[in-house]
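S.K.: heads up, no residue letters with this:
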């Protein structure tokens with residue numbers, strides 16, 4: 001007597017994945033827009049306060065010396081200590097390295113846009129500039145993916161240049177589910193209206209035995 005044929009052969013497959021560029025990146029829709037720049041009020045305010053306080057204190061001391069008054073006690077002590085220190089001492093090197101690192105950090109903050117969580121949208125109207133939060137974009141793609149038949153759960157990770165989608169499917173062929181996700185998510189990315197549509201990575205797998 002022959003063995004019965006299993007009715008659901010597609011469950012033998014465990015994973016299906018694809019990595020490609022979104023069609024929106026090659027269609028030339030135009031309306032390009034640069035990233036949003038952070039105002040960085042707190043770092044700018046702190047630097048301004050430190051510079052203003054230090055400059056005011058030095059100017060007051062210089063003016064006092066010019067008026068034939070003795071220099072402030074802290075400046076005399078500081079000058080005496082500087083005369084004793086050697087450039088190769090560990091403390092001097094540590095202070096120099098700390099100042100250098102702080103300076104590099106301030107330069108990086110000054111020349112980088114920031115606001116990495118805000119994705120610029122196409123500028124169809126020159127006078128209007130809009131952005132979309134990455135979490136909101138990921139939520140839109142997740143809702144699109146959950147509409148696909150066979151999808152049990154979806155996790156979307158949205159970056160500036162790449163959208164990673166990991167889905168669990170409890171029935172249907174995984175390749176068929178992934179193909180439907182490719183189409184739906186590509187359309188979803190295009191409808192987001194981003195200036196630079198991200199590349200799309202789709203990974204579909206079976207849920208583990210504990211989750212079934």
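M.R.: Noted; the coordinates are in hand. Predicted model only: the values in this text are computed from it and were never measured. Residues are numbered from 1 along each chain as shown.
S.K.: quick one, helices of this protein?
M.R.: In order along the chain, the chain carries the following helices (DSSP state H): 41-66, 73-84, 90-111, 134-146, 174-191.
S.K.: looking at these, which is buried most?
M.R.: helix 174-191 (a mean of 19; mean count of other Cβ atoms under 10 Å). (Each C-beta comes from the backbone N, C-alpha and C, glycine too.)
S.K.: from the chain's centroid, how far away is that one?
M.R.: If you compare the mean C-alpha spot of helix 174-191 with that of the full chain, they lie 24 Å apart, counting by Cα atoms, centre = their mean, to the nearest Å.
S.K.: elements contacting that helix?
M.R.: strand 15-20, helix 134-146, strand 162-169, strand 199-205 (3 or more Cβ pairs under 8 Å, 6 or more residues apart in numbering; DSSP states H and E).
S.K.: possible to save the ones you listed as CSV with mean pLDDT and distance to residue 85?
M.R.: Written out in CSV, the entries for the helices and strands packed on helix 174-191 read as follows (pLDDT from 0 to 100; distance: least, Cβ to Cβ, whole Å):
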stretch, mean pLDDT, distance to residue 85
strand 15-20, 70, 57
helix 134-146, 93, 49
strand 162-169, 93, 50
strand 199-205, 93, 54
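S.K.: could you chop this protein up by domain?
M.R.: Each domain of the chain is listed here as a residue range: 9-33+118-205, 41-111, per automatic domain parsing.
S.K.: pLDDT weak spots in the protein?
M.R.: Of all residues in the chain, those with pLDDT under 70 make up the ranges 1-14, 20-33, 209-212.
S.K.: which among the helices and strands packed on helix 174-191 is found nearest to residue 125?
M.R.: When the helices and strands packed on helix 174-191 are compared for distance to residue 125 using Cβ to Cβ, the nearest one is helix 134-146, at 20.7 Å.
S.K.: list the contacts of the closest one.
M.R.: Counting contacts by Cβ atoms under 8 Å, 6 or more residues apart in numbering, the residues outside helix 134-146 that touch it are 116-119, 151, 154-160, 163, 165, 167, 181, 184-185, 187-189, 192, 194.
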